[in-house]
Each structure stands twice: as structure tokens, then as C-alpha cells.
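1. Below: sequence and its predicted model.
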Amino acid sequence: HVQLVESGGGSVPPGGSLRLSCVASGYRMYASDYCMGWFHQAPGKEREGVAALDHNSRSYADYLKGRFTISRDDANNTLYLEMNSLKPEDTGMYYCAADCLWVGSPASGYKYWGQGTQVTVS
């Protein structure tokens, strides 16, 4: 049974930073075929990919322009998203997802999802 639990969301002013965490239980982050990512869903909009990683590559949404960094901690089975220079348009729910087909997979390509954590930039 795979469970993903996100944390670290909150309310920050424009230009602020947040670090999101996703603890994965039942999912082998150390396995060579692991693939995980972060998605953003703004109010009234579709869920869109932010960043993803697998055993040999990382992928970021083009609009981020280096503001966010995805990383992993295998010892603690945790996925992170470091978010800097936050903008009001970054507001929304952020979801952790696991077991994707490849780092460029859309939301439909992921098997497991967390409940999300809210980020508000204002």
C-alpha cells in the first residue's frame, strides 16, 4: 500500500520561499525504476506538472526559470520541492505523485497521489 503525505505549504509574501516535503511509504524510492513528481493546481484550473525526477534525470516546467528545485532523500524516503522567488500565480494546491512512466509524464501518467498541501502567495 503506497501512501504519499505532503507538508510544508503555507502563506508567504511575493518573493518568499517554501520547502515542500513528501514522505513516501510503501514506494521504493531507492529502486532504479522510481519516478516521482510535483504538480500544481491553481483555483479553477487543471493540475499541471511542476517538476519530476527519476534515477537519472530531472524535469521542470519551462515557466519556472530556475526558481524551484526538486530533490530526494532516499534515507528518509522523502521527496522535496524547494520553491524560491514565489509569485502570486504560484498559489494553489501542490501534489506529490509517484510511479510515473517517465519524467515528462502528465498527471494521467502517475499511479499514486498525495492529498496535497496549500501554498498561498500574497
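-> That came in fine, so what should we check first? Numbers count the residues shown, from 1 in each chain.

2. right, and the helix or strand after the host helix or strand of Ala24?
-> Using DSSP states H and E, Ala24 sits within strand 18-25. Using DSSP H and E, the helix or strand that directly follows strand 18-25 along the chain is strand 35-41.

3. and for that next one, what are the contacting residues?
-> 20, 22, 24, 27, 29, 47-54, 59, 70, 72, 79, 81, 90, 92-103, 105, 107, 110, 116 (Cβ atoms under 8 Å, 6 or more residues apart in numbering). Where C-beta positions appear, they are placed from N, C-alpha and C, glycine not excepted.

4. sorry, back to before: convert the strand holding Ala24 to PDB, retaining C-alpha atoms only.
-> Presented in PDB, the C-alpha positions along strand 18-25 are these (Å, rounded to 0.1, in the frame of the first residue of the first chain):
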ATOM      1  CA  LEU A  18       8.900  27.500   0.900                       C
ATOM      2  CA  ARG A  19      10.100  23.900   1.100                       C
ATOM      3  CA  LEU A  20       7.600  21.200   0.400                       C
ATOM      4  CA  SER A  21       8.100  17.600   1.600                       C
ATOM      5  CA  CYS A  22       6.500  14.400   0.500                       C
ATOM      6  CA  VAL A  23       7.100  11.300   2.700                       C
ATOM      7  CA  ALA A  24       6.500   8.100   0.700                       C
ATOM      8  CA  SER A  25       5.600   4.900   2.400                       C
END
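
5. What residues sit buried inside it?
-> Of all the residues in strand 18-25, those buried under the rule 16 or more other Cβ atoms under 10 Å are Leu18, Leu20, Ser21, Cys22, Val23, Ala24.

6. what's next to it, contact-wise?
-> 1-10, 12, 36, 38, 76-83, 86, 94, 96, 98, 114, 117, 119.

7. With that, I have no additional questions.
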